[in-house]
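K.L.:
Can you look at this prediction? I've put the sequence above it.
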Amino acid sequence: FYLNIISLSKAFAKKIELIVNDDKQRDEIIERNKDYIAGIDEAKQKNEQALIESENRIAAERKAMIEERARLLSDKYKNNKYLQSIIDKKIVIGMTKEMVLDSWGRPNSSSKDVGSWGIHEQMIYNSHYVYIENGFLTSWSTK
């Protein structure tokens, strides 16, 4: 009987030891996971900060490009009444073809007809048709 109790006590002690070891392993795993998660959080914060810095740098570069474009156009057109429209990327009837190009850039496509009435040009910008007669903007339409 005592042998059985000793045997059972040893078996019980072994099970308790296994449980304790399992608890220790579980605790170690939990600690490692906490460290891993903390590392992920730190990396995430660094990435977010890098993204913010990148966005700020791009915004500053874009602002500098816009200011440089305005300066160059101001030098080119000085006191011309269409200057602000060109800077704002707008077109106004009476602008020259060059002003339209400076305002909207190169068209997607264009065509040119020359006849006794003069030179008629059509420039297509995405959904806008721009009409130039003898070098001046006369009208535009939208598809």
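P.N.:
Received it, and whenever you're ready, just let me know what you need.

K.L.:
going forward, measure contacts between C-alpha atoms and count neighbours the same way
P.N.:
OK.

K.L.:
Is it correct that Met123 is in contact with Pro107?
P.N.:
Yes - between Met123 and Pro107 there is a contact at 5.8 Å, judged by Cα atoms under 8 Å.

K.L.:
out of those two, which sits in the busier spot?
P.N.:
Met123 (21 against 16; other Cα atoms under 10 Å).

K.L.:
SS state for that one?
P.N.:
strand (DSSP: H, G, I helix; E, B strand; the rest coil).

K.L.:
quick one, what contacts the closest residue to it other than its chain neighbours?
P.N.:
Nearest residue to Met123, sequence neighbours excluded (Cα to Cα, 6 or more residues apart in numbering): Ser110, at 4.2 Å. Neighbour list for Ser110: 121-124 [criterion: Cα atoms under 8 Å, 6 or more residues apart in numbering].

K.L.:
Show me which of those residues is closest to Ile58.
P.N.:
Among the contacts of Ser110, Ile124 lies closest to Ile58 (Cα to Cα), at 30.0 Å.

K.L.:
The lengthiest helix in the chain - what's its average pLDDT?
P.N.:
If you go by DSSP state H, the chain has its longest helix at helix 2-77. Mean pLDDT, computed over helix 2-77, is 81.

K.L.:
okay, the nearest residue to Tyr125 once chain neighbours are set aside: pLDDT?
P.N.:
With sequence-adjacent residues excluded and distances taken as Cα to Cα, 6+ apart, Tyr125 is closest to Pro107, at 5.0 Å. Pro107 is assigned 98 on the pLDDT scale.

K.L.:
I'd like the distance between the residue positioned nearest the centre of the chain and Trp104.
P.N.:
The geometric centre of the chain, computed from its C-alpha atoms, lies nearest to Glu55 (Cα atoms, centre = their mean), at 7.9 Å. Note on Glu55: its distance to Trp104, by Cα to Cα, to the nearest Å, is 26 Å.

K.L.:
before we move on, what about Asp35?
P.N.:
As judged by Cα to Cα, Asp35 and Trp104 stand 55 Å apart.
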